[in-house]
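> pasting a predicted model and its sequence here:
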Amino acid sequence: MAVNFMGAVFVRVSNLEQSIRFYSDILGLHLRNIEECGRIANFIIHENSPLLTLIKSEEFQIQEFPTFNLNYSHVLEVHEKLQSQGVKVGPIKNWSSDRNVHIDFDAYDPDGNAINIIEWSKKANN
């Protein structure tokens, strides 16, 4: 049994309209569609990437630790912009893995769900 690809990442939110504005206007994601009587919103990042699906739910648990990350260029500028827009953001972290150099931070959606914002580049020796 082989997996073909990841189809979607699901995030539960309390206010779909507010969350749609945050993910599109603040984070810059493209809303693909709203379905199931306005209860689900699908965002597309790239045609080959999984969907980010927001699900309106009265009962959910805030994801204090990120369950996904979004890769941006110029992460320091993104951090500054989000802060200036009043978005709760965590500290900037610089770190390396065996292959890449990373800079990242966590941002929080209107419900307090953590989203990791990251930029990475290959190490010079790879």
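Right, received. Where do you want to start? Numbering: from 1, shown residues only.

> which outside residues touch the longest helix that the chain contains?
When the chain is parsed with DSSP state H, its longest helix is helix 75-84. By Cβ atoms under 8 Å, 6 or more residues apart in numbering, the residues outside helix 75-84 that reach it are I26, Y72, V89, I92, I103, D104, F105, A107, I117, I118, E119. (Glycine included, C-beta is placed from N, CA and C.)

> give the contact list for the second one.
Contact analysis of Y72 by Cβ under 8 Å, 6+ apart lists V78, I117, I118, E119.

> restricting to C-alpha, output the longest helix of the chain in PDB.
Output of helix 75-84 as PDB, limited to C-alpha atoms (Å, rounded to 0.1, in the frame of the first residue of the first chain):
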ATOM      1  CA  VAL A  75      10.300  35.600   7.200                       C
ATOM      2  CA  LEU A  76      11.700  38.500   9.200                       C
ATOM      3  CA  GLU A  77       9.600  40.900   7.100                       C
ATOM      4  CA  VAL A  78       6.500  38.600   7.600                       C
ATOM      5  CA  HIS A  79       7.100  38.600  11.300                       C
ATOM      6  CA  GLU A  80       7.300  42.400  11.400                       C
ATOM      7  CA  LYS A  81       4.200  42.800   9.200                       C
ATOM      8  CA  LEU A  82       2.100  40.400  11.300                       C
ATOM      9  CA  GLN A  83       3.100  42.100  14.500                       C
ATOM     10  CA  SER A  84       2.200  45.500  13.000                       C
END
